[in-house]
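Asker: Have a look; sequence and predicted model below, questions after that.
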Amino acid sequence: MRRFNPAPLFFAFLSIIAFYYSDMSALFVTNEVIIRIIRNSLLVFALIIPVTAGMGLNFSIIIGAMAAQAGWIFMLDLQVPGILGIAGAALSGIFISVICGYIIGSYLNRVKGREMIATIIIGILGAGIYQFIFLVGYGTFIPAHNSELLLSRGAGIRDMVDLAPYRNIIDRLWLVDIGGIQLPFFMFTVVAAAAIAVKLILLTPAGQRFRAVGSDRGSAELSGINTDRTRIQAMIISTVLACLGQIIFLQNIGMVNVYTAHMNSDIFSCAALLAGGATIKEAKIRHALLGIVLFHSLYIVTPQAGQNIFSNAVLGEYFRSFIAYGSIAIALIINIRHERGKQ
Amino acid sequence: MIKRYLPPLPQIIIIVFIIILLGLAIKIDIPASSLINDLFIRLILNCVLVISLIPMVNSGAGLNFGLPIGAVAGLLGMVMTAQFGGKGLTGFILSIAVSIPFAVVSGAVYGRMLNRVKGREEIAATFTGFSIVSIMCLFWVVAPFTHPQMIWVLGRSGLRNTIGLRGFWEKSLYNLLQFKAGDIIIPAGSLLFIGIILLCLYFFSRTRTGMMMNAAGENESFARINGVDIAKIRKLSVIMSTVLASAGTCIYAQQYGFIELYSAPLMAAFPAISALLLGGSSGKRVFLRHALLGVILYQSLYLLSLPVANMLLVPEMAEIIRMIVTSFIILYALAKKSEERGDV
Amino acid sequence: MENILEISGLSKKFRSNYALKDISLSLYRGEIIGLVGANGSGKTTLMNILSGNPLIRETGGFTGTIKLNGKIISPANPSDSLKLGIGMVYQEFALIPSFTAPENIMSGKEIRLRPVTSLPGLSVPLIDRKKNISKAESILSSIGVTGIDPRVPVTEFNVSTRQFIEFARVINSKTLKLLILDEPTAVLGRDESKRLIDEVRRIADKGITVIFISHRLEEVLSLCHRIAVLRDGILESVFAASDTSAEEIARCMLGGIHDRAIKTHSHTSPGNCDYFRIKNLNSGSGGECLKNFSLNVSKGEIIGITGQSGQGQMLLGKAVMGLIPSDGEININDEKILPGDTESLFRSGFYYIPEERRRDGLLPENSVAENILFTTISTKHAFTSRSGLLNTVKIHEAARKYIYDLSIKCTGIKQKVCELSGGNQQKVILSRALSLKPEIMMIFEPTRGIDIGAKEMILNMLIEMNREMQTTIIIVSSELDELMRVCDRIAVLYEGSIFSVLTPELPEEIFIHAFTGRAL
């Protein structure tokens, strides 16, 4: 008995109204949305397995994003160009993500039932450690090979580093132009591969374990599943996917805002997932994809719509922040009430 | 037996940290008087915000991650008072008075919501707080405020991001009954004001309602069986905490000299919660002395790390230390609480 | 006959309470042994140890040894137990709610896909849905269950179907050596019970040892080879099924009714016969529940409620107070009150003293004075001055009086209640009741965990309350001895409702039969 989820309709409704008032060209919006799909898919996919495993919204995907940024910085520091650099960034990011995912998963096993608030705080802690490493460490106790990366004072990475050596290598590969709409097929393949990977994982015995733990942890434990280990596995996969997602995200943008690129990536990814019709307890690939389209179209058109309706672009920006926070708040309240209702 | 008197791990670490920083500070010749003055100022800034958490913790409603809701009520009170030209001590008192009705109403709604999300209050409260702060951003932009010191002058409409309180009631409480002992400024008026708030809370705990509220937090099933309406009493505690948070925000703004609107209150809950946890209550109940100790420790760490970081390391180091310490303390407490509840 | 399981000297303590004391028992291969117990927690703890419930390790582990096939075992989690070959069918079911029946049955043992062109022996770790469904269906049909839709989540099936699915899940194991069944027939009707029992017999014939826990003594006698009786954590006796009868087992469970002293008090003439009525109270589900529980209590009487463990008595107070979801009706003096309406209950003079003293009956970190007078303050607004402040002086005065009157051993009114002994804690709770002067009081296991001397005092206090303040008292207890001495009537609870209401002078046989659900 599937409950009808009005979220996608609500977001579609808002987007259509905002689009109408924004006077933006459909072509422009479509191209922008395609870019956003490429950029954000894996980040949102990363949320699916923790939700399935009953751990709620994994706000600590921000840690995976920071791992990706670390990877990029390493490659820039060692000045490894081209496709090798991209691979290097991804691999070093993945390595960090596996370790972080393991630590986060182990910690979350000690705060069962309060994973979501814990992942938010973990994100803050991670950001602090990240800043310590890159703002303080580089140039002081971490040897910097590429001094161009450093701030003028000689220590700490600059606010923004350019990903010029890696631009246009994969993001415009196999580009097809249909009547003005730009479709980068290589990146589509990457997104599709990630989507298939997540689906396949859920069709394996490991996937069954995730679903069992998410459905009823107590019963899963009694039936012999090592729920602690399963949850750690879920976090590792999630963090690694988030890392890959951020690698793609930054590569697509073409530069890294070292201290702000990861900010709000967790909130927006969760909001997008919920916009697509997912809940705290159930999330599928189709929710993620639909959600990215809906959430980001809204995101693109609201500032201009705000400008046109109220002659104030800032209103549009605040409005979309509110939509992001508000949709998560409502999803939490409704879901928790339903959980209690079932008890 | 000794275990009962041993302070919790984070407290020990922080105290060690503080001692180290103190040593460094002495080494680089920072005058003690400036440190003490700074400490007083920071206490006034943050004390009431931390104390605002106490009613909810003691009633079993948990740590108030929705503190921004109370902060927003305080902001509303302040901008309305400023719009009508409040000045001096009267302006300050008025700002608190005007924010109280907002705090009561929003606290009641917030409390009702919390009663329905038992078990996951923290995350629901966090995002409710975020949502309210962000919807208020829209309000600050469109609200018809006209005071020239409050609004953007050219081009943009709406209230400024920060509103300076010079000419309004900046430091009006701080300057009240202030006297000097050598180089040390003792803000007796502010301390008195805060003391009165503490006293009110103390007397509240000695009333019938206060007794029932503490029982609800101490042992919920006992309280239910013995005549306490848990939902009602928790809602009351949420209202109390929200009102205190709004008052705390007014005190903060008065001391700091600026009303900080828009996204400023977003992260207001975390440092306050961290400070309270640092005070180290050993059981379920939090006493006023825990809160006070916690604020002193937390703020000492911050105030000592600033000059030391400036001199020795990079200036951002202080903020980084604060981020790491704050989140670490909360994570530690979350794990400890789960362990005690037997969730693991 | 070889011994497959050897338990020797097994003891388990929770805090300072022995749930199991020095249990020694050997089971041989292929035997079916019934486990019955007057004290629920003894059985459950034993099963928790064997099935690897992590709670055991978290609360300090156990002492003594368990040998499976000669090797010492100590399972730390259910996964360990399964690997050792111990399978447990839980009373509350360990089914994953969102899984289908095949998914539950094949959990952990899913058949994987073999791609046609792959190397022999290599299988892609994707689940072969079709094969899993057919395997599950074959297991189900082997226990007589057909027509289960393999696509719907198990929550859609009724409780007896789910019992069989749970059963199928556990027997789906090639390495099963020991099968533990916890009240498997509690939710089944007569025919289905028979089917399950036949299936259990068939499994035992294959050489698997079975531990069968049930409160239905007929079933236990017909199925099991031997029957072990647990009482208060001790293994009272092991009977051979062919040599014994339900009466003998029941008598062993109750520990015999020794002290047939005539009740030592006479109460005031019985008042209103329908002063306190519970009508059709339903609560709980699955294992322990209340089913259309109804009871009429006369004003001023002392009535006891007793029965085997797990018959629903522990839910009674919680259901009335609304601590657990329930429906039904309560009538006090013809005023209709719904379960959970604590305000009306207090107004009508009702007071509930729960079984778990420490957990629900006290504020452990608070003083004796606060604990004694809490409810009088909260429900009757006593000791409160006009400003709302509590009158501490008067509170302390009143508390001191109770400490003196009841000889509560403590260092003073300010001492924390958690530091008192069990008996003194109970006195604090009763002082609270005394200060409240309730019209009707429901008290659970008043003498549990209290030493002999204090037991007498508590019972006398109850009698005195009844005599001096005309308090109507309902005592829910497993100590039939004590109830016989104190109560005017004793109601026996069986499978969620009152089986019969007896009086203390009736012969033992009637009680024993009532306990096992049989009328004489």
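Answerer: Received the coordinates, thanks.

Asker: Which residues are in contact with the closest residue to residue A:170 other than its chain neighbours?
Answerer: Spatially, and ignoring its direct neighbours in sequence, residue A:170 is nearest to residue A:186 (6.0 Å; CB to CB, 6 or more residues apart in numbering or on different chains). To be clear about C-beta, it is placed using only N, CA and C from the backbone, and glycine gets the same treatment. In this structure, residue A:186 makes contact with A:170, A:173-174, judged by CB atoms under 8 Å, 6 or more residues apart in numbering or on different chains.

Asker: can you pull the contacts of residue B:291?
Answerer: Going by CB under 8 Å, 6+ apart, residue B:291 touches B:47, B:50-51, B:53-54, B:275-276, B:279.

Asker: Equivalent analysis for residue A:44, please.
Answerer: Residue A:44 neighbours (CB under 8 Å, 6+ apart): A:245, A:269, A:272-273, A:288, A:291-292.

Asker: Need the pLDDT of it.
Answerer: You'll see residue A:44 listed with a pLDDT of 96.

Asker: Name the spans of the chain whose pLDDT lies under the cut-off.
Answerer: No chain in the question, so chain A it is. Per-residue confidence for chain A (pLDDT under 70) gives these ranges: A:1-3, A:337-343.

Asker: my question was about chain C
Answerer: Counting by pLDDT under 70, chain C shows low-confidence ranges at C:1, C:38-41, C:115-124, C:255-271, C:286-287, C:520.

Asker: Could you pick out the longest helix of it?
Answerer: Across chain C, the longest stretch assigned as helix under DSSP state H is helix C:452-469.

Asker: hey, where'd the helices end up in the stretch 101-250 of chain B?
Answerer: Secondary structure of the stretch 101-250 of chain B (DSSP state H, counting those that start in this stretch): helices located at B:121-142, B:188-205, B:208-218, B:220-225, B:230-256.

Asker: picking that back up, just give me the closest of the contacts of residue A:186 to chain B.
Answerer: Chain B lies nearest to residue A:170 out of those, by CB to the nearest CB, at 34.3 Å.

Asker: quick check, the closest one in a strand?
Answerer: No - applying DSSP: H, G, I helix; E, B strand; the rest coil, one finds residue A:170 to be coil, outside a strand.

Asker: Tell me where the stretch 51-200 of chain C has helices.
Answerer: Remark: helices assigned in the stretch 51-200 of chain C by DSSP H, counting those that start in this stretch are C:54-58, C:78-84, C:101-105, C:129-142, C:159-171, C:190-205.

Asker: Mean neighbour count, those: which tops it?
Answerer: Of all the helices of the stretch 51-200 of chain C, helix C:101-105 carries the top mean neighbour count, a mean of 27, counting by mean count of other CB atoms under 10 Å in any protein chain shown.

Asker: related to what we said a few turns ago, among the helices of the stretch 51-200 of chain C, which comes closest to chain A?
Answerer: Taking CB to the nearest CB as the criterion, helix C:78-84 is the member of the helices of the stretch 51-200 of chain C that comes nearest to chain A, at 4.3 Å.

Asker: anything in the closest one near chain B?
Answerer: No - for a cut-off given as CB under 8 Å from any CB of the partner chain, helix C:78-84 has no contacts with chain B; the smallest distance is 15.8 Å.

Asker: name the helices or strands packed onto that helix?
Answerer: With contacts defined as 3 or more CB pairs under 8 Å, 6 or more residues apart in numbering or on different chains; DSSP states H and E, helix C:78-84 has these neighbours: helix C:40-51, strand C:86-89.

Asker: okay if I get those as TSV plus mean neighbour count and distance to residue C:343?
Answerer: Conversion of the helices and strands packed on helix C:78-84 to TSV gives the following (neighbours: other CB atoms under 10 Å in any protein chain shown; distance: least, CB to CB, whole Å):
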stretch	mean neighbour count	distance to residue C:343
helix C:40-51	22	32
strand C:86-89	25	43
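
Asker: one step back: want to throw the helices of the stretch 101-250 of chain B into JSON lines with mean neighbour count?
Answerer: As requested, the helices of the stretch 101-250 of chain B are arranged in JSON lines below (neighbours: other CB atoms under 10 Å in any protein chain shown):
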{"stretch": "helix B:121-142", "mean neighbour count": "23"}
{"stretch": "helix B:188-205", "mean neighbour count": "16"}
{"stretch": "helix B:208-218", "mean neighbour count": "22"}
{"stretch": "helix B:220-225", "mean neighbour count": "21"}
{"stretch": "helix B:230-256", "mean neighbour count": "25"}
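
Asker: which of the contacts of residue A:186 count as buried?
Answerer: residue A:170 (16 or more other CB atoms under 10 Å in any protein chain shown).

Asker: Tell me the one of the contacts of residue A:186 nearest residue C:36?
Answerer: For those, the minimum distance to residue C:36 (CB to CB) is 70.2 Å, reached by residue A:170.

Asker: Can you add mean pLDDT and distance to residue C:250 and give the helices of the stretch 101-250 of chain B back as CSV?
Answerer: Output for the helices of the stretch 101-250 of chain B, formatted as CSV (pLDDT from 0 to 100; distance: least, CB to CB, whole Å):
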stretch, mean pLDDT, distance to residue C:250
helix B:121-142, 93, 49
helix B:188-205, 93, 53
helix B:208-218, 94, 42
helix B:220-225, 92, 33
helix B:230-256, 95, 42
